[in-house]
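Q: no sequence for this one, just the structure:
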RNA sequence: GCCAAAAUAGCUCAGUCGGUAGAGCAUUUCAUUCGUAACGAAAAGGUCGCGGGUUCGAGUCCCGCUUUUGGCUCCA
């Protein structure tokens, strides 16, 4: 007999060899029907895998990430099984479950697989599901595994196996398909009631640019057909929120081939929106003791040699600008920090001057790889809401906490759900970073401690640090669930060293300041993109390019409509007249679609009484009120929203 | 940069087997002067991304380039 502990603390006895599904059955048939995966003593466990020792069990259903994971992992094997039946001589790489679905990387050999084949693949997958094949787990020795996969020509699998430890290798088999896999899986493919092959893409074997490029096939599956339908509708809806589409419709920004790829043009409405965001931050930062500075868009090559950027990125960035002077070279600035370091150096600094906080909406230029450009979220010229804080080592934590406050205030204010990530150095590849071990350890510890102090749950990821220091990043998801880094805080002991920055301490000796790089929005471009997707273009009233539009019933009331706009203008309400010769129904429709927060309809009744008939975007008719009542109400609402 | 797909009017998109390019919306003009999500009529609008090739003839087939999209790699 073995003792099995449940999450509620209860312990029950079972025969050795009992499976999680049998344990679930002992509780209720209903539970046994819905569980997809289990965890036994922190080990992922198939629900039909026997248990022979005491431990603690947890069950996972579809609603748990672990449940979906097992379901999709099995689906990925199902995809591979289908591909194996359809295409001769293909090789399999890896095929994991991901956040939304699964993929399988394959080397198609002689075959070509295109999106035209998706239907065929789905059909085969459904056919295989109908066979109700069991998914069988087996322990296998390293030698046997190498022989088995080698005999089948699966050299990619053999490479993976050769790196595994003997005695810990398992395979899963369904029908004629056997895969090297750790599991867990669902016991049969039968519950996979709906599958969809979503897309196809290239992916380097083992993520290494220098190795062979495989074909990655993405798919998703569900236990109910209806869930797939709902998911596909969700994808369609997400496409409507795409900031690239909204930016065009709302006339916020554009790109021109003549200007160049990844170089956004901000249109009048977009520029106004962006300026409002900048004003917000300037106001907040003033309270936190920041001073605005302005620096040039280019800098002498030597500046970047000093900062270390030239050695690391010189060849991969925009190439230098040459002057008529022999040998003189300038670079477009890829960041603002070197310039700010030079500002620090313009005067001797005392410990009494610190902390110094220099802020700049600084436009930077980075030569991103052509395939990486993406709307406004990944561009080659963008404006950071940048600031650099120079402080004494003692002040570091306090300053770091202050920055965290600003960032969480901003992200919360816009209603973003954000995730925090601490990006640490990869200790295996120290050559990728500048600075001594001591300095790195100190900086990494400062970030971790600050998060603990604020109670911020942050995921620690090694190898994601900037080359000059560790960082705390704030990530927000776009409409399709892709994560984008917005806010960032980076501790830097290196640049002050490289630029020889110092201050005189109370002991009358020279000391080195610590530097913090930070940007709450990250960049105005990326922030606006994510904000658009988050709000589906329905910007909050204080940010909306046009807050109200006046719709005269007929041209006879155009003059009165202009008068309304004049009154609104006195209250700083942004409004214009839709004086087109169209019927009121048409004007309402067009302006509703333009996502203008308020539509003000005026005709005979309103003009006689100095009133407007108010219609709120998406909510319909709100009745009439005096112009000044409406204007004052809006002004008040905006004032409340802009108290930062 | 790599793998794959796409590019036709301002926008969204059709265009069959290779035979002188089409719709809706937007625009302009005319008519209408209208009460809470699309009134009507007409006109104008195109080097079919760019360059080359095959062909009597190319939006359509082939090659190269550019840009965009989905991924990968990268990301100061």
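A: Received, thanks. Treat the numbers as computed from the prediction; the structure is a model and nothing was measured. Residues are numbered from 1 along each chain as shown, chains lettered A, B, ... in the order given.
Q: And the pLDDT at residue A:481?
A: In this model, residue A:481 is scored at 77, pLDDT.
Q: Touching, it and residue A:99? I think so.
A: Yes - assessed by CB atoms under 8 Å, residue A:481 is found in contact with residue A:99 at 6.7 Å. C-beta here means a position set from N, CA and C on the backbone, and glycine is covered the same way.
Q: and the residue of the stretch 451-600 of chain A nearest RNA strand B?
A: Among the residues of the stretch 451-600 of chain A, residue A:554 lies closest to RNA strand B, at 2.9 Å counting by CB to the nearest atom of the strand.
Q: Now that residue. Nearest residue, chain neighbours left out?
A: residue A:603 (7.3 Å; CB to CB, 6 or more residues apart in numbering).
Q: which residues sit in contact with that neighbour?
A: Residues near residue A:603 by CB atoms under 8 Å, 6 or more residues apart in numbering: A:552-554, A:557, A:613.
Q: What is the most widely separated pair among those residues?
A: A:554 and A:613 (14.2 Å; CB to CB).
Q: Those two: who's more crowded?
A: Neighbours were counted for residue A:554 and for residue A:613 using other CB atoms under 10 Å; residue A:613 has more, 19 against 12.
Q: coming back round to it: test for you: state the pLDDT assigned to the residue of the stretch 451-600 of chain A closest to RNA strand B.
A: For residue A:554, pLDDT reads 93.
Q: which residue packs closest to residue A:282, ignoring adjacent ones?
A: Of all residues not flanking residue A:282 in the chain, residue A:292 sits nearest, at 6.7 Å (CB to CB, 6+ apart).
Q: That should have said residue A:205, apologies.
A: residue A:211 (4.4 Å).
Q: How much space separates the one you found from RNA strand B?
A: 9 Å (CB to the nearest atom of the strand, to the nearest Å).
Q: check which helix or strand covers that residue.
A: Using DSSP states H and E, residue A:211 sits within no helix or strand.
Q: how much space between it and residue A:105?
A: Note on residue A:211: its distance to residue A:105, by CB to CB, to the nearest Å, is 12 Å.
Q: With neighbour numbers in mind, choose between these two.
A: residue A:105 (23 against 10).
Q: in the sheet, who's paired with that one?
A: residue A:216 (DSSP bridges).
Q: Quick check: residues of the stretch 101-250 of chain A near RNA strand B?
A: A:114-115, A:199-204, A:207-209, A:213, A:215-216, A:244-245, A:248 (CB under 7 Å from any atom of the strand).
Q: go with 6 Å
A: A:114, A:199-204, A:207, A:209, A:213, A:216, A:244 (CB under 6 Å from any atom of the strand).
Q: Filter those down to just the buried residues.
A: By neighbour count, with 16 or more other CB atoms under 10 Å, these hold A:200, A:203, A:216, A:244 as buried.
Q: quick one: the first one from residue A:218, how far?
A: Separation of residue A:200 from residue A:218 (CB to CB): 7 Å.
Q: now swap in residue A:255 and tell me
A: 27 Å.
Q: For burial, what's the neighbour tally of residue A:567?
A: Residue A:567 - counted by other CB under 10 Å - has 17 other residues nearby.
Q: OK, contacts around the spatially closest residue to it that is not a sequence neighbour?
A: Once flanking residues are discounted, residue A:567 sits nearest to residue A:627: 4.8 Å by CB to CB, 6+ apart. Counting by CB under 8 Å, 6+ apart, residue A:627 touches A:564, A:567-568, A:610-612.
Q: what does the stretch 401-550 of chain A have sitting close to RNA strand B?
A: Counting by CB under 6 Å from any atom of the strand, the stretch 401-550 of chain A sits next to RNA strand B at A:466-467, A:482.
Q: do that again at 10 Å, thanks
A: Selection of the stretch 401-550 of chain A residues close to RNA strand B by CB under 10 Å from any atom of the strand yields A:423, A:432-433, A:463-469, A:471, A:478-485, A:488, A:490, A:517, A:519, A:522-523.
Q: From those, which land in helices?
A: Taking DSSP state H, every one of those sits outside helices.
Q: Quick one: buried ones out of these?
A: Buried subset of those (neighbour count, 16+ other CB under 10 Å): A:423, A:433, A:464-466, A:468-469, A:471, A:478-479, A:484-485, A:488, A:490, A:517, A:519, A:522-523.
Q: Among those residues, which lie within strands?
A: A:423, A:471, A:484-485, A:488, A:490, A:517, A:519 (DSSP state E).
Q: Of those residues, which is the nearest to residue A:641?
A: Once CB to CB is applied, the member of those that ends up nearest residue A:641 is residue A:519, at 22.7 Å.
Q: The closest one is in contact with residue A:383, isn't it?
A: No - the criterion here is CB under 8 Å, and residue A:519 misses it with residue A:383 at 9.9 Å.
Q: and the residue nearest to residue A:282, how many neighbours does it have?
A: Counted with other CB under 10 Å, residue A:292 comes out at 12.
Q: same thing with residue A:47?
A: Look at residue A:47: counted by other CB under 10 Å, it has 23 neighbours.
Q: which ones are touching it?
A: A:19-21, A:24, A:35-38, A:59, A:184, A:186-187.
Q: For residue A:581, give me its contacts.
A: Contacts for residue A:581 (CB under 8 Å, 6+ apart) come out as residue A:555.
Q: element containing it?
A: Taking DSSP H and E as the definition, one finds residue A:581 inside no helix or strand.
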